[in-house]
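>>> Give me coordinates for this.
(chains A and B)
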Amino acid sequence: GESVGLHLPTLSVQEGDNSIINCAYSNSASDYFIWYKQESGKGPQFIIDIRSNMDKRQGQRVTVLLNKTVKHLSLQIAATQPGDSAVYFCAEKGYGGATNKLIFGTGTLLAVQP
Amino acid sequence: GAGVSQSPSNKVTEKGKDVELRCDPISGHTALYWYRQSLGQGLEFLIYFQGNSAPDKSGLPSDRFSAERTGGSVSTLTIQRTQQEDSAVYLCASSPRTGGGQPQHFGDGTRLSIL
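Numbers count the residues shown, from 1 in each chain, chains lettered A, B, ... in the order given. Sure, this is the predicted structure:
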């Protein structure tokens, strides 16, 4: 069935360390993936996206890695800061007849310790 | 005010009442989406609008839920005869177009509480 899941529901890191948030997706036909950050009381904020014809994409302090062989997605945050504390969601663009919706995982809470 | 705007930000109502939630997408965005987020959960797709095409209603959980998009811009999500299980945050998103991979930009949602 359709599912995008996260391995770790909570991740606690020290300020300045690198963070890695993982995500598994179920459908090998999915061709577009997004990471969102959601702070309390706010809507999801776009961080970075990647298409299936890429393995890696870098942004400012963030890198997304896509491993299509094992259907795995990860978000790496360099030099994690307290402002990075939030829930992070991966999302997969729907496939087949539902190509316009995003399928979200349940989220990982990133807690940055000062 | 360049982002997606939703109103009200909070809504408390009694079971059985009807509610209307409003979304103003980013100007020029032709695609508009509604999602529902229950406490501590990911987002659940409800409905999608693209231009003048028929909306994709495949995510609406029951016939008590409906949505309109007038003039290709503002959208209203209506829930009739609300139930306690309808309590959630309702999020609206827009994107320039669909297909090919376009990030959806979200508003801050309407937090709906059914007493």
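>>> so how far is B:Q84 from B:F49?
28 Å (CB to CB, to the nearest Å). Backbone N, C-alpha and C define where each C-beta goes, glycine included.
>>> Compare neighbour counts for these two and give me the winner.
Neighbour comparison, B:F49 and B:Q84: the larger count goes to B:F49, with 24 against 9 (by other CB atoms under 10 Å in any protein chain shown).
>>> Pull the contacting residues for that one.
B:31-33, B:55, B:67, B:69, B:75 (CB atoms under 8 Å, 6 or more residues apart in numbering or on different chains).
>>> got it, and B:K15?
B:82-84, B:114-115.
>>> One more pass at 10 Å, please.
Each residue near B:K15 by CB atoms under 10 Å, 6 or more residues apart in numbering or on different chains is listed here: B:81-84, B:86-87, B:114-115.
>>> Share the number of residues neighbouring B:D56, please.
21.
>>> shouldn't it be in contact with B:F45?
Yes - counting by CB atoms under 10 Å, B:D56 touches B:F45, with 8.7 Å between them.
>>> Could you tell me which residues touch both of the two?
A:94, A:98, A:100-101, B:33.
>>> Which ones among the contacts of B:K15 map onto strands?
B:I114 (DSSP state E).
>>> Give me the contact list for the helix or strand where A:I50 lies.
Secondary structure assignment for A:I50, by DSSP states H and E: strand A:45-51. Contact with strand A:45-51 is made by A:31-39, A:56-66, A:73, A:75, A:77, A:86, A:88-91, A:93, B:3, B:93, B:95, B:100-106, as judged by CB under 10 Å, 6+ apart.
>>> rewinding a little: of the contacts of B:K15, which ones also sit close to chain A?
By CB under 10 Å from any CB of the partner chain, no member of those lies near chain A.
>>> Below-threshold pLDDT in chain B: ranges please.
B:1, B:98-100 (pLDDT under 70).
>>> ok, which stretches of chain A are strands?
A:4-5, A:10-14, A:19-25, A:32-38, A:45-51, A:56-58, A:62-67, A:72-77, A:86-93, A:102-104, A:108-113.
>>> Could you export the ones you listed to CSV, including columns for mean neighbour count?
What follows is the strands of chain A, written out as CSV (neighbours: other CB atoms under 10 Å in any protein chain shown):
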stretch, mean neighbour count
strand A:4-5, 18
strand A:10-14, 13
strand A:19-25, 20
strand A:32-38, 23
strand A:45-51, 17
strand A:56-58, 13
strand A:62-67, 18
strand A:72-77, 20
strand A:86-93, 24
strand A:102-104, 24
strand A:108-113, 17
